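Visitor: Turn this into a structure:
(2 chains)
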Amino acid sequence: MEIELQYLYRSNDAMMVPAELAGFALAESLSFEIVDAFWDTQDLRLRKTGCSLRIRRQSNLPHPVLTWKGPSEWREDGARQREEVEVPIDHVPVDAAEILATLRRYHLWELLAPPAKLEDDVVLECIGELKNRRTSHLYVQGLHRLELAWDRITYPVGEPEARLEVEAKRQRAARFLADVARDLTSLYGKKLVPAPHGKAKELCRRLYPELFT
Amino acid sequence: MAATLGAVAALLVVAAIALGYNRLVGARNRARYTWADCDALLVRRAQAVPRLAAIVQGAFDHERETLTAVAEARGQVERTATPGGPTTDRVAAEEALGAATARLVVVIEGYPQLRAQAATDELITALREIEGDLRRARMVYNRTVQTYADRRDTFPGSLIAGAFRFAPMPYFAE
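Guide: Alright, predicted model coming up:
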């Protein structure tokens, strides 16, 4: 389960990292590059059912990660919650046959096919890639963990985007997200705007606007 | 009354043309932007191929046919390279270079003593990565070209495309 707050950062000011957040202390910081490739059907059936299929290459990881995310729902604290399954894979699939084989091998097919009503012989294709320079900051309070990430995202089309995400690393830490949201608002004020949707949808809106009108 | 109706109708026509024109421009721009991703990868491939060819040339002079095909394809790519969007000739040249490079890799793999060299292995791995990235970039590019073609070839976009000379964009096959 992924539970996170997502914001757009509307300022050219430096992206500050607070030493403390909702009573959590900053414990570790990392910086790395990410390339996310999203796969879907020709008519974006996964996207239309609110799901996404992503292969992430991260500069500080030796292997790519295949991720399926289910439809998200908004929580009262302003966070978004969705089912998420991540599987490390040995290489990035290059075509439809290979991605289908990979999904079946890791039993992800059973998860992603029913909601989008995908047939067994469906053709999945890469629908777009986004590049992201991320700084990730781990906050700790006892056994609870929160990850704050500053993303500088480059889409194939349109202006780059800066995003701030705070993810509860375990479900129990999610109860602190309302306090985190309050802290972030007081820290960044109007520079921070709640993101209306995630990065995958933003990519699709930019590349395939005809499917969103 | 008739004059007002005429003016409203004229305004509606102008608005429809402007809307159709902007949609065509948007679709063409998206195809051009996604081509830029392909282009960056094609440049990386073009830089890697001569290094691979040099390895074969140094070791096996009798693989001249494969090397000639690679050199000719590279020459064609250089001759057809133009700034801006892709041309049909450029895409055809890149497709030919892709095929020639694949044959070159097959040749190298036929000689275990070549493959055993770390530099060769690294080059082939890098080339495979570029080809993998290129396949995904090509899927995205071809999708955006298809959307552009749909807008350009169907009514009323075809009228606007004809009037404002929106040229077709080539698909990029493997």
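Visitor: Name the single longest helix found in chain B.
Guide: When chain B is parsed with DSSP state H, its longest helix is helix B:2-59.
Visitor: average pLDDT for it?
Guide: For helix B:2-59, the mean per-residue pLDDT is 89.
Visitor: helix or strand right after it?
Guide: helix B:64-80 (DSSP states H and E).
Visitor: got the CA coordinates for that following helix in PDB?
Guide: Output of helix B:64-80 as PDB, limited to C-alpha atoms (Å, rounded to 0.1, in the frame of the first residue of the first chain):
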ATOM      1  CA  ARG B  64      34.600  -6.600 -45.300                       C
ATOM      2  CA  GLU B  65      31.000  -7.000 -46.600                       C
ATOM      3  CA  THR B  66      29.500  -6.300 -43.200                       C
ATOM      4  CA  LEU B  67      31.900  -3.500 -42.500                       C
ATOM      5  CA  THR B  68      31.100  -1.900 -45.900                       C
ATOM      6  CA  ALA B  69      27.400  -2.100 -45.100                       C
ATOM      7  CA  VAL B  70      27.900  -0.400 -41.800                       C
ATOM      8  CA  ALA B  71      30.100   2.300 -43.300                       C
ATOM      9  CA  GLU B  72      27.600   3.000 -46.100                       C
ATOM     10  CA  ALA B  73      24.700   3.100 -43.700                       C
ATOM     11  CA  ARG B  74      26.600   5.600 -41.400                       C
ATOM     12  CA  GLY B  75      27.400   7.700 -44.400                       C
ATOM     13  CA  GLN B  76      23.800   7.800 -45.400                       C
ATOM     14  CA  VAL B  77      22.800   8.800 -41.900                       C
ATOM     15  CA  GLU B  78      25.300  11.700 -42.000                       C
ATOM     16  CA  ARG B  79      24.100  12.900 -45.400                       C
ATOM     17  CA  THR B  80      20.400  12.900 -44.400                       C
END
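Visitor: So which bits of that helix are buried?
Guide: Neighbour counts over helix B:64-80 (16 or more other CB atoms under 10 Å in any protein chain shown) mark B:66-67, B:69-70, B:73-74, B:76-77, B:80 as buried. To be clear about C-beta, it is placed using only N, CA and C from the backbone, and glycine gets the same treatment.
Visitor: Next, the angle from that helix to helix B:2-59.
Guide: Here the directions of helix B:64-80 and helix B:2-59 differ by 150 degrees (axes from the mean of the first three to the mean of the last three CA atoms, to 10 degrees).
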